[in-house]
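Trainee: When you get a sec, could you give me coordinates for this:
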Amino acid sequence: MNGRTALTPIDRRPSSCQDSAADLLWRKGTIVSEAKRERHIVAVGGAGFSAETGNLALERYVSRLTGKERARVCFIPTASGDSQGYIDRFVAACEHLPWEGSVLSLFRGETPDLASVVLTQDIIYVGGG
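Mentor: You can find the predicted model right below:
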């Protein structure tokens with residue numbers, strides 16, 4: 001490895017990571033049940049709502065992985081410079097999916113508390129450019 005510690009379960013992180021946002025939330029008891037949920041990383045290139053507006057099969061598949069009826073989805077369109085057209089396509093796709101969509105825009109001067117945004121989501125959808 002490159003000198004970094006391998007990922008470990010949230011409740012057994014090395015002491016160098018004790019003050020991370022996730023650990024603070026863990027101590028507050030707000031993500032205990034979330035920590036035990038099976039997690040997935042789905043990496044895709046050139047597909048999804050941005051490539052085929054009428055084909056949302058990929059998004060439905062990812063939604064099913066959450067095990068929730070209505071998944072909380074945060075779209076991060078940063079790789080496209082927060083393109084409004086890309087954001088509009090995401091919003092349009094959300095109307096046809098079992099999603100509660102939100103957009104995290106990093107190019108528009110918004111500076112939210114990233115931990116509170118990201119850790120409350122079921123799906124983080126990072127858009128390409």
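Trainee: ranges for the strands of this protein?
Mentor: Applying DSSP state E to the chain gives strands spanning 71-76, 99-103, 123-126.
Trainee: The shortest one packs against which elements?
Mentor: For strand 123-126, the packing partners by 3 or more CB pairs under 8 Å, 6 or more residues apart in numbering; DSSP states H and E come out as helix 57-66, strand 71-76. (Each C-beta comes from the backbone N, C-alpha and C, glycine too.)
Trainee: out of the strands of the chain, which comes closest to Gly45?
Mentor: Gly45 lies closest to strand 123-126 among these, at 11.6 Å (CB to CB).
Trainee: circling back: out of the strands of the chain, flag the one nearest Val62.
Mentor: strand 123-126 (6.0 Å).
Trainee: What are the contacting residues of the closest one?
Mentor: Strand 123-126 has contacts (CB atoms under 8 Å, 6 or more residues apart in numbering) with 62-63, 66, 71-76, 78-79, 90, 99, 118.
Trainee: ok, back up a step: okay if I get the strands of the chain as TSV plus distance to Ser83, mean neighbour count and mean pLDDT?
Mentor: Output for those, formatted as TSV (distance: least, CB to CB, whole Å; neighbours: other CB atoms under 10 Å; pLDDT from 0 to 100):
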stretch	distance to Ser83	mean neighbour count	mean pLDDT
strand 71-76	11	20	92
strand 99-103	11	18	92
strand 123-126	14	17	90
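Trainee: Switch the ones you listed over to a markdown table; also include distance to Pro112.
Mentor: Compiled in a markdown table, the strands of the chain are given as follows (distance: least, CB to CB, whole Å):
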| stretch | distance to Pro112 |
| --- | --- |
| strand 71-76 | 10 |
| strand 99-103 | 10 |
| strand 123-126 | 14 |
